[in-house]
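Colleague: Any chance you could fold what I've pasted below:
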Amino acid sequence: MAAALTLYMHPLSSYCWKALIALYEVGAEFECEVLQGRPADDAAFRAMWPLAKMPVLKDAAQDKVVPEASIIVEYLQSLYPNGPRLIPQSADRALDVRLWDRVFDLHVQSPLQKIVSDYLRPEGDRDPAGVADARAALGVAYEFLETGVAAQGARDGFTLADCAAVPALVYARAIRPFEPGQTELAAYFDRLLLRPSVQRTIREAKPFLQWFPFHQGLDPRVLSGEF
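Modeller: All right, here's what the predicted structure looks like:
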């Protein structure tokens, strides 16, 4: 019998990693529908979610379509209320976790995506100033994370924020490595790579990592799938 949950995704997509990690954390039974080419060119996918952005989770049992990685994680928490607490029960702690989720998406993923998308443009259409700003923004984000990321993880266990952190840091670190003095951030990254849900997600992405433009800068553990 087909699983009720279907994740529309691509194994290379950083935001799809975020949803996959959460799915594995809660022990969900689900199927993956791998999207080929540009999602916006897929008429069936666009009909399901007109903005045509991955990932999208379809819950056939509830006849519900859930877009956006963070919302998918929130939805999974509601589906599995007795499972791992990806969103803390305390309202104050839940807000903190959601804030860290936004930090990773907006202040690590966004500049990362700018750098990658610019690299893929024809040389004459590139934006060197914008790329320089994005690299600088990553540096600012790393400094901020160094001061608080270790305490965040220690307080709440593995949460939505960590689901967001994994793809953001795996890919960003390949473009701009951590500074030698950023030992808390490096230790946090090492802890993330020990998580079984993270390792599974990375191993499944391994055949596709060669298509990441900066794949040579990826952590050797990520490239090999050996942790």
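Colleague: care to break the protein down by domain?
Modeller: The chain resolves into domains spanning 5-79, 91-224 when parsed by automatic domain parsing.
Colleague: Tell me where the protein is predicted with low confidence.
Modeller: Counting by pLDDT under 70, the ranges of the chain that qualify are 1-2, 150-156.
Colleague: next one: the top helix by length along the chain to chain centre, how far?
Modeller: Under DSSP state H, the helix in the chain containing the largest number of residues is helix 128-156. Its chain's C-alpha centre and that of helix 128-156 lie 15 Å apart, by C-alpha atoms, centre = their mean, to the nearest Å.
Colleague: With mean neighbour count and distance to residue 85 as new columns, can the domains of the chain be given to me in CSV?
Modeller: Quick note: C-beta positions are derived from backbone N, CA and C, even for glycine. Output for those, formatted as CSV (neighbours: other C-beta atoms under 10 Å; distance: least, C-beta to C-beta, whole Å):
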stretch, mean neighbour count, distance to residue 85
domain 5-79, 18, 8
domain 91-224, 17, 7
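Colleague: Test my guess that residue 69 contacts residue 18.
Modeller: Yes. Counting by C-beta atoms under 8 Å, residue 69 touches residue 18, with 4.1 Å between them.
Colleague: measure residue 210 to residue 223 for me?
Modeller: 9 Å (C-beta to C-beta, to the nearest Å).
Colleague: actually residue 76, not the one I typed
Modeller: 29 Å.
Colleague: what does residue 182 give?
Modeller: Separation of residue 182 from residue 223 (C-beta to C-beta): 21 Å.
Colleague: Quick one: the strands in the protein, in order.
Modeller: Using DSSP state E, the strands of the chain run over 5-9, 30-34, 56-59, 64-67.
Colleague: The second one: how far from the chain's middle?
Modeller: On the basis of C-alpha atoms, centre = their mean, the separation between the geometric centre of strand 30-34 and that of its chain is 17 Å.
Colleague: Make residue 1 into 34 and carry on from there
Modeller: Fine by me, first position is 34 from now on; the one you just mentioned is strand 63-67.
Colleague: Now it - C-alpha only, PDB.
Modeller: C-alpha atoms of strand 63-67 as PDB (Å, rounded to 0.1, in the frame of the first residue of the first chain):
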ATOM      1  CA  PHE A  63       6.600   8.400   3.200                       C
ATOM      2  CA  GLU A  64       7.600   8.300  -0.500                       C
ATOM      3  CA  CYS A  65       9.700  10.700  -2.400                       C
ATOM      4  CA  GLU A  66       8.800  12.100  -5.800                       C
ATOM      5  CA  VAL A  67      12.000  13.400  -7.300                       C
END
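Colleague: tell me which strands and helices it is in contact with?
Modeller: In this structure, strand 63-67 packs against strand 38-42, with contacts taken as 3 or more C-beta pairs under 8 Å, 6 or more residues apart in numbering; DSSP states H and E.
Colleague: returning to that earlier point: make a markdown table out of the strands of the chain and add distance to residue 149.
Modeller: Shown next, in a markdown table, are those (distance: least, C-beta to C-beta, whole Å):
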| stretch | distance to residue 149 |
| --- | --- |
| strand 38-42 | 18 |
| strand 63-67 | 20 |
| strand 89-92 | 21 |
| strand 97-100 | 22 |
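Colleague: Compare those strands and give me the one nearest residue 123.
Modeller: Between residue 123 and those, the shortest gap by C-beta to C-beta is with strand 97-100, which sits at 24.1 Å.
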